[in-house]
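Undergrad: Test case, fold it:
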Amino acid sequence: MKKILQLILLLLTGMAIAQSGDPKVDALLQQLKEQQKAPGKITFKMKGKTYTEIGSFMEDTKKRFVISSHLTLDSTPDSSISFVIPSKKSGSYSIEDKKSGVLVINGKVYQIRGNITVNISGKKISGSFIGELFEIPNNKAKASDQTSGVIQGNFQN
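TA: Below is the predicted model of the structure:
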């Protein structure tokens, strides 16, 4: 039932936005539609446990490249991971601020500080990441200075 309600909300939102005629919003919606046809995969390991998430890869309105799990409202996730890099280009990028790498798992929010490598060949996207986790306590804007562990993983579509 929850999935049906989410789908209806997504469709209604899509129709309302599509009627606005905003080309940037239309482009984002088109990317999400394509993601639903063939979702990607993000796998990561932390604290001895491996997680596999449905991955989405898209450019935002500022042409930054977003690598994230659960953008397509496939379910209410227990965990979500997101990276934002400056552009949709192959290369290695540093992840240093909380806008660049975030993990939400079991109700806790972590900033990821480390590196991400992205390989783009046509429509194929893959890569890997490694970094340290720093918990962002409730109601705080800044992450803890003490590490909460290491995270590493990979992604592909």
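
Undergrad: what number of residues lie near residue 102?
TA: Using other Cβ atoms under 10 Å, the number of residues around residue 102 comes to 20. For glycine as for every other residue, the C-beta is placed from the backbone atoms N, C-alpha and C.

Undergrad: With residue 112 instead?
TA: Residue 112: 26 neighbours (other Cβ under 10 Å).

Undergrad: Dead centre of the protein: give me the residue that sits there.
TA: Geometric centre of the chain, nearest residue: residue 68, 1.3 Å, by Cα atoms, centre = their mean.

Undergrad: In contact with that one, which residues are there?
TA: Neighbour list for residue 68: 55, 56, 80, 81, 82, 83 [criterion: Cβ atoms under 8 Å, 6 or more residues apart in numbering].

Undergrad: what's the distance between the closest residue to the third one other than its chain neighbours and residue 47?
TA: Put plainly, it is residue 80. Among residues not flanking residue 80 along the chain, residue 104 sits closest, at 4.7 Å (Cβ to Cβ, 6 or more residues apart in numbering). Separation of residue 104 from residue 47 (Cβ to Cβ, to the nearest Å): 15 Å.

Undergrad: Which one of those two is surrounded by more residues?
TA: When neighbours are counted by other Cβ under 10 Å, residue 104 and residue 47 differ, and residue 104 comes out ahead with 17 against 10.

Undergrad: tell me the contacts of that one?
TA: Applying Cβ under 8 Å, 6+ apart, the residues contacting residue 104 are 79, 80, 81, 110.

Undergrad: for the helix or strand hosting the third one, the distance to its chain's centre please.
TA: If I follow you right, that is residue 81. Taking DSSP states H and E as the definition, residue 81 sits inside strand 79-85. Relative to its chain's centre, strand 79-85 lies at 3 Å (Cα atoms, centre = their mean, to the nearest Å).
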